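[1] sequence first, predicted coordinates after that:
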Amino acid sequence: MAADPVSGSGSQDDMVKVIDLTTSVNGTFGDPEGSPGSVFGASGTAARTKSGKEFGLLGFTCTVLPPLPTTPVRQCNTTFSTPQGQITLQGLPRSPDEFHEVITGGGGIHTGAQGCAAFERLAPGDDAPFRVILFLREDSPSKRALPPIVCGRPAPF
C-alpha cells in the first residue's frame, strides 16, 4: 500500500506522505529511568498498520539528560531502515508513551526527507509496540518555500 499524500497546493513537489506503522521490539538495552548520561534503546521491525506489510527495520537510542524540575528529559534518535533507504528522526520525548520526533533526513529514495512522526505506545512496558505515523516530505526543489508540516496525533484505528 502506498503512502497517502495529504494537503499542499496540489503540486507533486509539496505533497506530504502519511505512513502509518506499527512497531515490534525484538531487543532492548539500558534503563529509561537511569541516571543522567545513561543510554537505553531498542531494535525491531515496523509494518504497515492496516495491511501488516513489512516496512523495514528500526532502531533507537536515547540518552538520559539532567531532569527539569517536573519532567525527565531524554534525547532520542530513531532510524527506520527500509529496502529503499533510511529515514532518520530525533527528539526530546516528554512522555514515554506519546510523543513526537522530527524527521531530520534520510537516504536512498528518502534523501532529503523532512517532516515529523507521532508515536503512541500500544501497551504497557518498555518492549511494547508503538503506532508511528510518519508525516514525510521527501526532497523537492520547492521544499524550503513550503509551510511546515504539522505533526498530529494518530487517528483511531
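    Received the coordinates, thanks.
[2] can you tell me the centre-most residue of this structure?
    residue 117 (4.2 Å; CA atoms, centre = their mean).
[3] what's near enough to touch that one?
    Contacts for residue 117 (CB atoms under 8 Å, 6 or more residues apart in numbering) come out as 78, 89, 100, 101, 102, 103, 132, 133, 134, 135, 151. For glycine as for every other residue, the C-beta is placed from the backbone atoms N, C-alpha and C.
[4] in which helix or strand would I find the residue nearest to residue 53 when sequence neighbours are not counted?
    Nearest residue to residue 53 in three dimensions, chain neighbours excluded: residue 47, at 6.2 Å (CB to CB, 6 or more residues apart in numbering). Following DSSP states H and E, one finds residue 47 within strand 39-48.
[5] the helix or strand that that strand is followed by pairs with which strands?
    Where DSSP H and E defines the elements, the next helix or strand beyond strand 39-48 is strand 54-65. Sheet pairing of strand 54-65 (DSSP bridges) gives strand 39-48 (antiparallel), strand 73-82 (antiparallel).
[6] residue 67: neighbouring residues, count only.
    Other residues near residue 67 number 11, with proximity taken as other CB atoms under 10 Å.
[7] from what I see, it and residue 92 are in contact.
    No. At 12.0 Å, residue 67 does not count as touching residue 92 under the criterion of CB atoms under 8 Å.
[8] tell me, what's touching these two both at once?
    residue 73.
[9] determine the longest strand present in this structure.
    strand 16-29 (DSSP state E).
[10] looking at this, residue 34 is in a helix?
    No. Using DSSP: H, G, I helix; E, B strand; the rest coil, the assignment for residue 34 is coil, not a helix.
[11] doesn't residue 63 make contact with it?
    No. Contact criterion CB under 8 Å: residue 34 and residue 63 do not qualify, at 9.5 Å.
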